[in-house]
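Q: have a look at this prediction, sequence included:
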Amino acid sequence: MQTDIVIAGFGGQGVLFAGQILAFAGMDAGYNVTWIPSYGPEMRGGTANCTVIISDEEIGSPLVRHPKAAIVLNLPSLEKYEPMIISGGVLVANASLVNRGAARNDIDSVFVPTNEIAEALGNRRLINMVAVGALLTLLPVIKVSDIEKALDKHMPERHRKLLPVNVQALEQGAEFAKKHTVLKNTVS
């Protein structure tokens, strides 16, 4: 089993951290992982994306051309990565910044109002964890509890006070996805 995931958005949306915590959770659960970040020169607002591979076998190449899943946190990322997802794959999109639904009916998709959920939790920077929670509902390559453990183990000390609200964000993203996912071949 090898699962390739792309996470993309603007700098400042927690794209790289979301990928990093997925990789840590996979590694801590005993899987082989890769995490490859990519970002523009801007501190905030530029492009940012990363790829994560989680596998129970050795990973031959860290390159991801056709991911099993994509988390896209803005419209440019949706336009770029939706066509790359393999048939039968998974799309999690930020409905707060994306003004259209999925263009494909051969993938499972959920459009999550990540900004609104994060703001209701009191911290708009939690959109990444809301999206990760939603992803793991559609693609349970690892458990949400694995992410919670990875956050506890790998979160920098200066951010430890945010651990409980990160867990809430994961759980709320997962709950939203359970109720609002559009399954493949059900779109007309």
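A: All right, it came through fine. Quantities reported herein were computed from a predicted structural model and do not represent experimental measurements. Residues are numbered from 1 along each chain as shown.
Q: got the CA coordinates for the lengthiest helix in the chain in PDB?
A: The single longest helix within the chain, with elements called by DSSP state H, is helix 163-180. What follows is helix 163-180, C-alpha atoms only, in PDB (Å, rounded to 0.1, in the frame of the first residue of the first chain):
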ATOM      1  CA  LEU A 163      -2.600  21.200  21.100                       C
ATOM      2  CA  PRO A 164      -6.200  20.900  22.400                       C
ATOM      3  CA  VAL A 165      -7.600  23.200  19.700                       C
ATOM      4  CA  ASN A 166      -5.600  21.400  17.000                       C
ATOM      5  CA  VAL A 167      -7.300  18.200  18.100                       C
ATOM      6  CA  GLN A 168     -10.700  19.900  18.000                       C
ATOM      7  CA  ALA A 169     -10.000  21.100  14.500                       C
ATOM      8  CA  LEU A 170      -9.100  17.600  13.300                       C
ATOM      9  CA  GLU A 171     -12.300  16.200  14.900                       C
ATOM     10  CA  GLN A 172     -14.500  18.900  13.400                       C
ATOM     11  CA  GLY A 173     -13.000  18.400   9.900                       C
ATOM     12  CA  ALA A 174     -13.600  14.700  10.200                       C
ATOM     13  CA  GLU A 175     -17.200  15.200  11.300                       C
ATOM     14  CA  PHE A 176     -17.900  17.700   8.500                       C
ATOM     15  CA  ALA A 177     -16.500  15.200   6.000                       C
ATOM     16  CA  LYS A 178     -18.700  12.400   7.300                       C
ATOM     17  CA  LYS A 179     -21.800  14.400   6.600                       C
ATOM     18  CA  HIS A 180     -20.900  16.300   3.400                       C
END
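Q: now that helix: how far from the chain's centre is it?
A: A distance of 12 Å separates the centroid of the chain from that of helix 163-180, by C-alpha atoms, centre = their mean, to the nearest Å.
Q: which elements pack onto that helix?
A: strand 108-112, helix 114-120, helix 127-138, helix 144-154 (3 or more C-beta pairs under 8 Å, 6 or more residues apart in numbering; DSSP states H and E). All C-beta spots, glycine's among them, are computed from the backbone N, C-alpha and C.
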